[in-house]
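A.B. asks: sequence first, predicted coordinates after that:
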Amino acid sequence: MRILITNDDGINAPGLEVLEEIAARIAGTEGEVWTVAPAFEQSGVGHSISYTRPMMVARLGPRRFAAEGSPADCVLAAIYDVLQGAKPDLVLSGVNRGNNTGENVMYSGTVGGAMEAALQGIPAIALSQYMGPGTADLDDPFDSARTHGEPLIRRLLASGIWTEEDYRIFYNVNFPPVSASRTGPARVTRQGFRRDSGFSVEGQVSPVGRRYLWLKGGPQHTPAGPGSDVAANLEGAISVTPCRADLTAHDILADLAARIE
């Protein structure tokens, strides 16, 4: 098996090291693991691509490359340049430091990398480690992801639903903010929504008198509804959310057509 891994925390992120270990075990001695990750942190870039500027790709070692772009850029660079059109069998994105659940999914570069892989017709899984009081004192804050990542990915590969339609299914996996020993079984979840926890901006004045705006995130341990990814993680379980890039609100199409047409 040929596995491509990327992330949005950057080529030197500790979570990428965790994913490299997981991918190596899954690929096995006969397989290949290729890493193409951003040269610098790209958190919050979502599914953006560097459409208006070129990017540099640097080889750092055998099957290991850094790209000056987003996670989606990295997937494209890997497929069409690094691998010269030889598509990988699987793309893994992460392991992100911090959760990509609820409204965070819409901003996540980790999810964006997996989404681009799905648009390219490749099975893809985004993986993130929720952080909180339960991980703060651990020697390895990625303990849950490091321990449970491999068996969960193997289960998804063997038993997950992998479609071949235009907008293919990909998976968003989040590990709870607890140790591996306290992590509960995986739950299939929907994307939640944390009320009063969205992004905002905060103004500050620099020492030279210029005014700048900093983006400001909301509290990450705000509950969401039952059955959601947020709820599962805060209850100590792994969340597995099937996703598509199709943003159409299919549930209101017929009603809207009756009103408008």
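C.D. replies: Done, it's in. Nothing here was measured: the structure is a model prediction, and the numbers come from that model.

A.B. asks: drop to CA atoms for contacts and neighbour counts, all remaining ones
C.D. replies: Will do.

A.B. asks: quick check, residue 127 in a helix?
C.D. replies: No - going by DSSP: H, G, I helix; E, B strand; the rest coil, the assignment for residue 127 is strand, not a helix.

A.B. asks: from residue 152, how far off is it?
C.D. replies: As judged by C-alpha to C-alpha, to the nearest Å, residue 127 and residue 152 stand 11 Å apart.

A.B. asks: and if you look at residue 78?
C.D. replies: 25 Å.

A.B. asks: and for residue 42?
C.D. replies: Taken as C-alpha to C-alpha, the span from residue 42 to residue 152 is 26 Å.

A.B. asks: who has more neighbours out of those two?
C.D. replies: residue 42 (20 against 17; other C-alpha atoms under 10 Å).

A.B. asks: hang on, that one is in a strand, isn't it?
C.D. replies: No - Residue 42 is assigned coil when assessed by three-state DSSP, not a strand.

A.B. asks: could you find the closest non-adjacent residue to it?
C.D. replies: residue 8 (4.8 Å; C-alpha to C-alpha, 6 or more residues apart in numbering).

A.B. asks: got the phi/psi numbers for the spatially most central residue of the chain?
C.D. replies: For the chain, the residue nearest the mean C-alpha position is residue 110 (2.9 Å; C-alpha atoms, centre = their mean). Torsion angles at residue 110 (phi, psi; degrees, to the nearest 10) stand at phi -60, psi -50.

A.B. asks: residues in contact with it?
C.D. replies: 6-8, 43, 46, 71, 93-94, 96, 100, 126-128 (C-alpha atoms under 8 Å, 6 or more residues apart in numbering).

A.B. asks: if I look at it, how far off is residue 35?
C.D. replies: Residue 110 is 14 Å from residue 35, by C-alpha to C-alpha.
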